[in-house]
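Enquirer: Just the structure for this:
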Amino acid sequence: MSGAKKKRRRMVILLAAIGLIAVGAIYADLEIGYYTPENLGKVAQPAPPNLAPDGNYAVAAYPLYKPQLAPGEGEQDAAAYCNTCHTPSYITMQPPLPAAAWEAEVNKMGKAFGAQFPTDVQQRIIKYLQTHYTPETRKR
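Expert: Down below sits the predicted model:
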């Protein structure tokens, strides 16, 4: 066989393999159910309920998670001053941070974000967070 015939034969085999793979992929999608004849061109969502245009509808109250800060000295300061910009859940949902990281975070709140708290309160909040929310001291 000449070199050109071998090259052509390889090309035909390659194209046949690609076609076989494409057909297999389409068949797999059909088997999964993406393209069955029953759902072609249909939206697979339930119909909205028939609601009366003049009806009164109500929903139950949404459950609210009220985070419980660890009891201790500085808890009230953290709850009051930190709650000015965000909920106390920002404290409780953090992973336990090293003491230096808590100090940096509280300092950042004052300097970068403009949190308004007196220096003594800032120090109490730092000490509170370091006492209750570090890897060594976190209880929850």
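Enquirer: Kindly state the domain boundaries assigned to this structure.
Expert: 1-41, 75-132 (automatic domain parsing).
Enquirer: right, so of those domains, which gets closest to Y62?
Expert: Of all the domains of the chain, it is domain 75-132 that lies closest to Y62, at 14.9 Å by CB to CB. To be clear about C-beta, it is placed using only N, CA and C from the backbone, and glycine gets the same treatment.
Enquirer: now do the same end-to-end measure for that closest one.
Expert: Length of domain 75-132, first residue to last, CA to CA, to the nearest Å: 10 Å.
Enquirer: circling back to that earlier point, in terms of mean pLDDT, which of the domains of the chain ranks lowest?
Expert: Comparing mean pLDDT across those, the weakest is domain 1-41, with a mean of 78.
Enquirer: returning to that earlier point: which of the domains of the chain sits most buried?
Expert: Mean neighbours per residue, mean count of other CB atoms under 10 Å, is largest over these for domain 75-132, with a mean of 16.
Enquirer: So which residue is dead centre in the chain?
Expert: Nearest to the mean C-alpha position of the chain, by CA atoms, centre = their mean, lies M93 at 13.1 Å.
Enquirer: sorry, back to before: could you dump the domains of the chain to JSON lines with distance to Q68?
Expert: Shown next, in JSON lines, are the domains of the chain (distance: least, CB to CB, whole Å):
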{"stretch": "domain 1-41", "distance to Q68": "47"}
{"stretch": "domain 75-132", "distance to Q68": "7"}
